[in-house]
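> Here is my input; please provide its structure:
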Amino acid sequence: TECVIKDTQWTTGNDFTVERGQQQIEELISTWEIHESWLHWTEFLQEEKLSYSNRYHYRVCWSIPRRRKPIPQATASIYFVIEISKTKPATSPVDIFFTLETSRLIHRPQQCHFSEKWLMDIIKNKIVLMERL
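Below you'll find the model as predicted:
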């Protein structure tokens with residue numbers, strides 16, 4: 001089946017702030033098809049200055065609290081990077097990509113469809129590991 005990926009209008013390098021970056025990540029997440037039982041929080045981690053760009057790192061931590069276990073056994077994190085090029089015009093949109101905590105695969109929002117199963121797999125694997133220990 002063909003999937004329609006909603007494109008987000010990313011801020012430009014001129015208009016970027018750490019807070020605006022976090023807001024745009026939240027806007028992106030709101031387009032994902034995720035069950036309402038999932039809760040998340042977003043935090044800014046660090047700024048990384050490179051030769052040709054500045055990168056802003058964020059983490060979004062996910063969990064599913066339950067009535068019987070309001071404190072989740074495990075969480076799943078997604079790491080976002082917003083990159084502002086030093087070589088492109090400042091009026092160009094920022095680049096954004098993300099990785100899952102258990103993977104090195106880089107996902108670009110405009111090129112992939114987010115799967116709730118990814119979060120569930122991370123949490124299930126952590127619980128299995130804890131039970132083995």
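> name the helices or strands packed onto the lowest-mean-pLDDT helix or strand in the chain?
Of the helices and strands making up the chain, the lowest-confidence element is helix 116-132, at a mean of 93, by mean pLDDT, DSSP states H and E. Helix 116-132 is packed against strand 76-85, with contacts defined by 3 or more CB pairs under 8 Å, 6 or more residues apart in numbering; DSSP states H and E. C-beta here means a position set from N, CA and C on the backbone, and glycine is covered the same way.
> tell me which residues of the helix or strand following the strand it packs on are tucked away?
Scanning forward in sequence from strand 76-85, with DSSP states H and E defining helices and strands, the next element found is strand 95-100. Within strand 95-100, the residues that qualify as buried are 95-98, 100, counting by 16 or more other CB atoms under 10 Å.
> how many degrees apart are the helix or strand where Q23 lies and strand 95-100 in direction?
Using DSSP H and E, the element containing Q23 is helix 18-30. In terms of direction (axes from the mean of the first three to the mean of the last three CA atoms, to 10 degrees), helix 18-30 departs from strand 95-100 by 60 degrees.
> Let me know the next secondary structure element after helix 18-30.
Helix 18-30 is succeeded, C-terminally, by strand 39-49 (DSSP H and E).
> And the average pLDDT for that next one is what?
Summarised as a single mean, pLDDT over strand 39-49 is 97.
> After it, which helix or strand is next? Please name it.
That would be, after strand 39-49 and using DSSP H and E, strand 53-63.
> Show me the contact partners of that next one.
If you take CB atoms under 8 Å, 6 or more residues apart in numbering as the criterion, strand 53-63 is touched by 16, 18, 21-22, 25, 29, 38-48, 72, 74-87, 119, 123.
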